[in-house]
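K.L.:
fold the stuff below for me.
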Amino acid sequence: MSHASGRGPRVTKAVVPAAGLGTRFLPATKATPKEMLPVVDKPAIQYVIEEAVTAGLSDVLVVTGRNKRSLEDHFDRNLELEEVLRHKGDIARLDEVRASGELADIHYVRQGAPRGLGHAVLCAEAHVGDQPFAVLLGDDMIDPRDPLLSRMIDVQRRHGGSVVALLEVDPSQIHLYGSVAATPCGDDVLITGLVEKPRPADAPSNLAIIGRYLLDPGVFEVLRKTEPGRGGEIQLTDALQAMAADPSLGGPVHGVVFRGRRYDTGDRADYLRATVRLACGRADLGPDFRAWLREFVSHEMV
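P.N.:
I've put the predicted structure just below:
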């Protein structure tokens, strides 16, 4: 059932696809899931789940694959470690360790064969049921100081249907993303067309889709009928294109243009930038680290 005709139920569930192999970070990801690589002192996926919780989504389904056991262990209690920290009187670290185990109501499902983002979303159907839900990609890290998901939830409450996050990129980079055709609609945009990784000459705009979605449950029926597209995978972009063209399927599809800080932690250079930026903004690390960084840049890099 689509909720396109008016305000649907409140969004409470988030889906985090985390079945990828992380080949861009080999050999570090040979035995460690890419989502568990630390950004400062927390694994990348913890920032993503904290973002969902901050926006009011405390029921999280992580779509995993093989070799992801450490991911599940991280969000579980570690009673032995807690006891050691308690015995040492290290209450600050004890609180941090406990926090990751109490962050949200986290569930897991395995994707099996990696058949694309659309297929990963389809794996969430039994858990999500007949209500709108968020999808947060682990590779896209939104700076905690620049809320995006709460804006998307507001748009979904106003318009119903589905909402995607957009970022203006240099036209020469649009082939790396899904691209949209859109018309202004108040503070957001109404999306009329989507295409996955177009050539720059064929792109409808320089508005790129980034890894945050709010989806009407009608997307599941559309995904079941979506043929494998680019790369032989079931593309979520293709399903959203069908929903934009026929709002009765789970549209309309709106977009929120994000102008804050976002990091592609699947890219090595952006991963390093994320670590530096977040460390600089930390009260406990920032002052000393910024001073060292200024010194390093002015003297070492000449």
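K.L.:
what's around A274, how many residues?
P.N.:
22 (other CB atoms under 10 Å). Quick note: C-beta positions are derived from backbone N, CA and C, even for glycine.
K.L.:
so it touches M141, yeah?
P.N.:
Yes - in this structure, A274 is within contact of M141 by CB atoms under 8 Å, at 5.8 Å.
K.L.:
now the strands for the stretch 101-250 of the chain?
P.N.:
For the stretch 101-250 of the chain, applying DSSP state E, counting those that start in this stretch gives strands covering 105-110, 133-136, 140-142, 162-168, 178-185, 188-196, 207-215.
K.L.:
tell me which of those sits nearest to Q241.
P.N.:
Nearest to Q241, of all these, is strand 188-196, at 4.5 Å by CB to CB.
K.L.:
contacts for the closest one, please.
P.N.:
155, 163-164, 166, 178-184, 202-204, 207, 209, 229-230, 235, 237-238, 240-241, 244-245, 252-257 (CB atoms under 8 Å, 6 or more residues apart in numbering).
K.L.:
could I get the buried residue list for that strand?
P.N.:
Residues of strand 188-196 classed as buried by neighbour count (16 or more other CB atoms under 10 Å): 188-191, 194-196.
K.L.:
and what of stretch 168-180?
P.N.:
So stretch 168-180, judged by 16+ other CB under 10 Å, has buried residues 169, 174, 177-180.
K.L.:
got it, and stretch 121-139?
P.N.:
Buried, per 16+ other CB under 10 Å, within stretch 121-139: 121-125, 127-128, 132-139.
K.L.:
how far does it sit from its chain's centre?
P.N.:
12 Å (CA atoms, centre = their mean, to the nearest Å).
K.L.:
start to end distance for it?
P.N.:
Terminal residues of stretch 121-139 are spaced 16 Å apart (CA to CA, to the nearest Å).
K.L.:
average pLDDT across that stretch?
P.N.:
For stretch 121-139, the mean pLDDT works out to 92.
K.L.:
what would the buried residues of strand 188-196 look like in TSV with distance to K88 and pLDDT?
P.N.:
TSV is the format used below for these (distance: CB to CB, whole Å; pLDDT from 0 to 100):
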residue	distance to K88	pLDDT
D188	50	85
V189	53	88
L190	56	91
I191	53	91
L194	53	85
V195	56	83
E196	51	82
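K.L.:
ok, those residues vs M36, which is closest?
P.N.:
Distance to M36, by CB to CB, is smallest for E196 among the buried residues of strand 188-196, at 27.8 Å.
K.L.:
quick one: pLDDT of the closest residue to the closest one other than its chain neighbours?
P.N.:
Using CB to CB, 6 or more residues apart in numbering and skipping the chain neighbours, the partner closest in space to E196 is T237 (4.2 Å). Per-residue confidence (pLDDT) for T237: 88.
K.L.:
what about R294, neighbour count?
P.N.:
Neighbours of R294 (other CB under 10 Å): 10.
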